[in-house]
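**Student:** Structure for this input, please:
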Amino acid sequence: MDKNRQGIIAAQSGDLNKAQRLFMEAFAETPNNEGLFLNVARSMSMQRKHQELLSYFDCEFTEKGRQLNEPNCAIILAQSAIEEGMEGKAIAILEAIQEKTDNITIAIMLSEQLIKTSQLEKCQSVLTKILRKTTNEDPSLITNLAITESELGNYKTAEELYKKVIKIRPNEFLGYFNIANFMHEIGNIDSAKAYLTRAETIVANTPEARKLRNAIADSQGEESTRMGKIYRLIENEKWDDAKDIDHFKGKYFEGRRNRFGLYDVSWHGTKLNSPGWDDPNALCLGMTLGDTAEDTDQTGNIHVMFNMYWDGVEFEIPQASGLRWYRAIDTALPTPNDIQPPEQQVAIDGSTYLVTGRSIVVLASRETN
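**Tutor:** Numbers count the residues shown, from 1 in each chain. Below you'll find the predicted structure:
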C-alpha cells in the first residue's frame, strides 16, 4: 500500500500526526504532485500547526524557486498565515495564485486581507478585474468591492454595488443588512431603517440587526433604547440619572451570571468572547447559554459551536471551575453517534475542540464531584 493511502487511512482513524508523517514521505517521493502537498497541508492545518506548515512550504517551494499552482493549497496556507498574524505572507501567497486562476475563494480571501491592511486601491483593482473576467457575480466579491469603494469615499458606486447584491439575492438577510449598515454610516437614516426592516422580515431577531437598530436609534437620540435615554440625559446635563441606567440589560437576557461564572448568554468566534459581528464573511460562531435560573442547581449550561468553514477549525471552550463539559451533539459524526443521550456522552476535558468543517457541536455541562 502506498504511503499516501496509508496516510488517508491514518487521518480517517483520527491519527493526524501519523497521517502528516506519511503524507510528507509520499510528497518527498513525488515532489511535483501538489495533491500530496495538499494532504500534508490539510493534516497540519487540522492540528493547528500553522507555523510548521508555513516553514515547510518555504522549504519545499519558496527556497527552491517552485511555484504553487493548487488553489486549495494556497487557501490553507493563507489561512495559516492569517492565524499566525502574518497578513503580509497571506497576501503574497494569495496574490501569486490569484494571477493564475479565477478562483472565487482566493479572490475573496485576498480582498479581505487587502481591506484589513488598508490596501484599498490594490483591492479595488483585484476585485474589478476578477468581476470583469468571470460570469459568476458572486455576492461576497461585490460586497467586498462595495466596502472598498465606501472606504475610498466613492459612496454612489458603493451604494450601487450593495443594491446589485440585493438584486442577485433578493431573499437573503445579509444583503439588506449590509446596505442598511452602509446607509447608517453615511447618515441616510430613513433608508437605513427601511433596509433593516426588510432584513428583519427575512431573519428576525438577530444580534447584529438589534445592534444596528439600536445604533440608528441612538444616533437620533431616540429614547426607545437605553443608550438613547443616556444620550438624552447627558444632553440635559442630568449626569447622575444617566450614570444610574444599566444599559447592558436586554429584554430577554439580562447579563446575569450563575454560580459558576457563566453569563446567561455569551457570544464567541473561534476565540472566546470574540464573535466577529463586524466581519460579514465570518464562518465560525460560538454561543454559551448559562443556566441562571434561581430554582435550579445551575448546572444545565450549553455551549454551541458552528463551523461553516470547509475545513476543521479549533474552537476555545469556556472553562468554569466546578463544571465539566460533555459532547451531546456533533453533526460530523456518523449516526447514531452524532446525537448522544446523557449516559453515553463523552467528557471533553481540553480547553479547545476541533469542529469538523460544515458541522455543529453542542456541549452540555455537569457539575464535578
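
**Student:** May I have the residues that are in contact with Ile360?
**Tutor:** Val304, Met305, Phe306, Asn307, Ile329, Asp330, Thr331 (CB atoms under 8 Å, 6 or more residues apart in numbering). Just so you know, the C-beta spots here come from the backbone N, C-alpha and C atoms, and that holds for glycine as well.

**Student:** now, among those, which is nearest to Arg366?
**Tutor:** Ile329 (15.5 Å; CB to CB).

**Student:** quick one: the residue nearest to that closest one when sequence neighbours are not counted and His303, what's the gap?
**Tutor:** Excluding its sequence neighbours, the residue lying closest to Ile329 (CB to CB, 6 or more residues apart in numbering) is Val362, at 3.9 Å. Val362 sits 7 Å away from His303 when distances are taken as CB to CB, to the nearest Å.

**Student:** which of these two has more neighbours?
**Tutor:** His303 (25 against 17; other CB atoms under 10 Å).

**Student:** Just give the nearest non-adjacent residue to that one, would you?
**Tutor:** Counting by CB to CB, 6+ apart, the residue nearest His303 is Leu363, at 4.4 Å.

**Student:** hang on, that neighbour is in a helix, isn't it?
**Tutor:** No. If the criterion is DSSP: H, G, I helix; E, B strand; the rest coil, then Leu363 is strand and not within a helix.

**Student:** What is the neighbour count of it?
**Tutor:** For Leu363, using other CB under 10 Å, the count is 24.

**Student:** I'd guessed it sits against Asp330; true?
**Tutor:** No. If you go by CB atoms under 8 Å, Leu363 and Asp330 don't touch, sitting 9.4 Å apart.

**Student:** quick one: the helices in the stretch 1-150 of the chain?
**Tutor:** Here the stretch 1-150 of the chain has its helices, by DSSP state H, counting those that start in this stretch, at 3-12, 16-29, 34-46, 50-57, 71-83, 87-98, 104-116, 120-133, 139-151.

**Student:** other SSEs contacting the last one?
**Tutor:** Using 3 or more CB pairs under 8 Å, 6 or more residues apart in numbering; DSSP states H and E as the contact definition, the elements that helix 139-151 packs against are helix 104-116, helix 120-133, helix 155-168, helix 173-185.

**Student:** Look up how far Leu16 lies from the residue nearest to His303.
**Tutor:** 21 Å.

**Student:** List the contacts of the residue nearest to His303.
**Tutor:** Ile302, His303, Val304, Met305, Ile317, Trp325, Tyr326, Arg327, Ala328, Ile348, Tyr353.

**Student:** Check for me that the second one belongs to a strand.
**Tutor:** When you say that, I think you mean His303. Yes. Under three-state DSSP, His303 sits within a strand.

**Student:** shouldn't it be in contact with Pro318?
**Tutor:** Yes. Shown here, His303 and Pro318 form a contact pair, counting by CB under 8 Å, at 6.1 Å.

**Student:** For the two, list the residues in contact with both.
**Tutor:** Common neighbours of His303 and Pro318, using CB under 8 Å, 6+ apart, are Thr288.

**Student:** For His185, give me its contacts.
**Tutor:** Careful, residue 185 is Glu and not His. Ser150.

**Student:** Kindly provide the distance from it to Asp102.
**Tutor:** Distance from Glu185 to Asp102, by CB to CB: 31 Å.

**Student:** cool, and Ser80?
**Tutor:** 23 Å.
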